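*Asks:* Below are the sequence and a predicted model for it; my questions follow.
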Amino acid sequence: MATTTGVRTPLGDVPLFDGGLTELAAGTWAWLQPNGGLGESNAGLVVGDGAALLIDTLWDERLTAEMLEAVVPVCEQAGAPLTNLFNTHGDGDHWYGNGLLGAGVEIIATAPAIEQMKAEPPSMLTRLGPVGTLAGVVGRIPMLPAADRLRGLGGFMSMLGAYEFGGIEQRVPEHSFTDAKALEIGGRRVELTFVGPAHTTGDAIAWVPDARVVFAGDILFNDVMPIMWAGPVGNWIAALERIEALGPAAVVGGHGPVGGVADCIALREYWVWLREQVLAAGADFDALELTERLIRSADFERWRDWRGAERTLVNVARIASTERGGSSEIGTAERLKLIGSMGALVERLRR
């Protein structure tokens, strides 16, 4: 167990909020993993008459099996077996556990999300192990140029060690959509809407009208600093505005505790502010230096309690690129470079 108060999180930290299965409304549940850090993602459950929908699986089969041990009895008690799964986007911590679901469970995601899944299978992370080992060793050599970046990359790889990627049975969704899709789950309507590219190229949200609950995937990070791997940021801002307009009673983000409209507004204001700062910096700036200055500024005080401030570096870099016509696509090499830079920023902030 790594999801309830008093037990360590998947990354080995003391939980800051209650985890596990949380009922939000009749037949509508969230599965929460404190503290919302790397791989500590959330999921959801919608139970209808004779059918149930799971929203996302987790980063490895061990954690997904733990979730299913809690979810399946709820479904059985309601006489509603799992029949459908919706993956909110293509990052592995929201779909690598898909293979544990039976063949009769239909899986759906956006077409861009499925393309990302095919390009980033679980085996990709197992292949990165030697890279992390080398980065950790080289990063300990004093006075070596970019040693901070290498230490940051090695630290990221060490966090991956909290998860078990070997032997995962890869299962990508069999069904796709490109704009919007309504699911009928045992007499309950669940509306899926493509809102990307934003966090990733294939982001989508699920709205459950009768419960007034939004499952936002990684469009909402709550009490955790967001990270934008795709962009443009305008799409993310528009997605948050769409959620706010629904007037939900609860918003389940991909990471952190259950939130609401106020949390969407706080995140939207962060994105608006950060875009303004990046554009004001002009075309020629050092992302590491600019990000450090922004994090240390008085304006950043509004979001200082969010964990993982160093992620702002990725956001600065991606805003700078996409606001000037760059692609929403980002390769593995560029991701690793940015991850290393985040580690360098952590070192600088400690000083």
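*Replies:* Thanks, I have the structure now. Since the structure is predicted, the reported quantities are computational estimates derived from the model, not experimental observations. Numbering: from 1, shown residues only.
*Asks:* and residue 220, that one's in a strand?
*Replies:* Yes. Counting by DSSP: H, G, I helix; E, B strand; the rest coil, residue 220 is found in a strand.
*Asks:* Over to the nearest residue to it once chain neighbours are set aside: give its phi and psi.
*Replies:* With sequence-adjacent residues excluded and distances taken as Cβ to Cβ, 6 or more residues apart in numbering, residue 220 is closest to residue 253, at 3.2 Å. Backbone N, C-alpha and C define where each C-beta goes, glycine included. Dihedral pair for residue 253: phi -80, psi 170, per degrees, to the nearest 10.
*Asks:* Just the helices from the chain, written as ranges.
*Replies:* With DSSP state H, the ranges of helices along the chain come out as 61-77, 111-119, 122-127, 129-138, 147-160, 233-246, 261-280, 287-296, 312-322, 332-350.
*Asks:* show me where pLDDT drops low in the chain?
*Replies:* Applying pLDDT under 70 to the chain flags residues 1-6, 127-152.
*Asks:* can you do 50?
*Replies:* Within the chain, the segments meeting pLDDT under 50 span 1-3, 5, 130-145.
*Asks:* Using JSON lines, please lay out the helices of the chain together with mean neighbour count and distance to residue 32.
*Replies:* Formatted as JSON lines, the helices of the chain follow (neighbours: other Cβ atoms under 10 Å; distance: least, Cβ to Cβ, whole Å):
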{"stretch": "helix 61-77", "mean neighbour count": "17", "distance to residue 32": "10"}
{"stretch": "helix 111-119", "mean neighbour count": "19", "distance to residue 32": "22"}
{"stretch": "helix 122-127", "mean neighbour count": "16", "distance to residue 32": "23"}
{"stretch": "helix 129-138", "mean neighbour count": "15", "distance to residue 32": "28"}
{"stretch": "helix 147-160", "mean neighbour count": "20", "distance to residue 32": "19"}
{"stretch": "helix 233-246", "mean neighbour count": "19", "distance to residue 32": "18"}
{"stretch": "helix 261-280", "mean neighbour count": "18", "distance to residue 32": "14"}
{"stretch": "helix 287-296", "mean neighbour count": "18", "distance to residue 32": "27"}
{"stretch": "helix 312-322", "mean neighbour count": "23", "distance to residue 32": "24"}
{"stretch": "helix 332-350", "mean neighbour count": "18", "distance to residue 32": "25"}
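*Asks:* Of all those helices, which one comes closest to residue 195?
*Replies:* Closest approach to residue 195 among the helices of the chain (Cβ to Cβ): helix 233-246, 3.7 Å.
*Asks:* Which secondary structure elements does that closest one sit against?
*Replies:* On a contact count with 3 or more Cβ pairs under 8 Å, 6 or more residues apart in numbering; DSSP states H and E, helix 233-246 meets strand 204-208, strand 213-221, helix 261-280, helix 312-322.
*Asks:* Residue 231 is nearest to which of the ones you listed?
*Replies:* helix 312-322 (3.8 Å).
*Asks:* And the contacts of the closest one?
*Replies:* Helix 312-322 is contacted by residues 225-233, 274-275, 278-279, 281, 285, 287-288, 290-291, 294-295, 327-328, 330, 338, 341-342, 345 when judged by Cβ atoms under 8 Å, 6 or more residues apart in numbering.
*Asks:* Repeat the analysis, applying 6 Å as the threshold.
*Replies:* The contact list for helix 312-322 (Cβ atoms under 6 Å, 6 or more residues apart in numbering) reads 227-228, 231-233, 274-275, 278, 287, 290-291, 338, 341-342, 345.
*Asks:* Can you show me the CA trace of it as CSV?
*Replies:* This file holds the C-alpha atoms of helix 312-322, laid out as CSV (Å, rounded to 0.1, in the frame of the first residue of the first chain):
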residue,chain,number,x,y,z
THR,A,312,8.7,25.9,-14.4
LEU,A,313,11.9,25.6,-16.4
VAL,A,314,10.3,23.1,-18.8
ASN,A,315,7.3,25.4,-19.0
VAL,A,316,9.5,28.4,-19.8
ALA,A,317,11.3,26.5,-22.5
ARG,A,318,8.2,25.1,-24.1
ILE,A,319,6.4,28.5,-24.1
ALA,A,320,9.4,30.1,-25.7
SER,A,321,9.3,27.5,-28.4
THR,A,322,5.6,27.1,-29.2
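*Asks:* how far does that helix sit from the chain's center?
*Replies:* Centroid displacement of helix 312-322 relative to its chain, using Cα atoms, centre = their mean, to the nearest Å, is 17 Å.
*Asks:* what's the answer for stretch 289-299, then?
*Replies:* 24 Å.
*Asks:* distance between stretch 48-57 and the chain's centre?
*Replies:* 20 Å.
*Asks:* With only the CA atoms kept, save stretch 87-101 in CSV.
*Replies:* Taking Å, rounded to 0.1, in the frame of the first residue of the first chain, the C-alpha atoms of stretch 87-101 are listed here in CSV:
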residue,chain,number,x,y,z
ASN,A,87,-7.1,7.0,-21.0
THR,A,88,-6.9,10.8,-20.6
HIS,A,89,-3.5,11.1,-22.5
GLY,A,90,-0.4,9.3,-23.6
ASP,A,91,2.0,9.6,-20.6
GLY,A,92,2.8,6.2,-19.1
ASP,A,93,1.6,6.9,-15.6
HIS,A,94,-1.9,7.1,-17.0
TRP,A,95,-1.9,3.9,-19.2
TYR,A,96,0.9,1.4,-18.5
GLY,A,97,-1.5,-0.6,-16.3
ASN,A,98,-4.0,-1.2,-19.1
GLY,A,99,-2.8,-4.7,-19.7
LEU,A,100,-4.4,-5.8,-16.4
LEU,A,101,-7.9,-5.2,-17.7
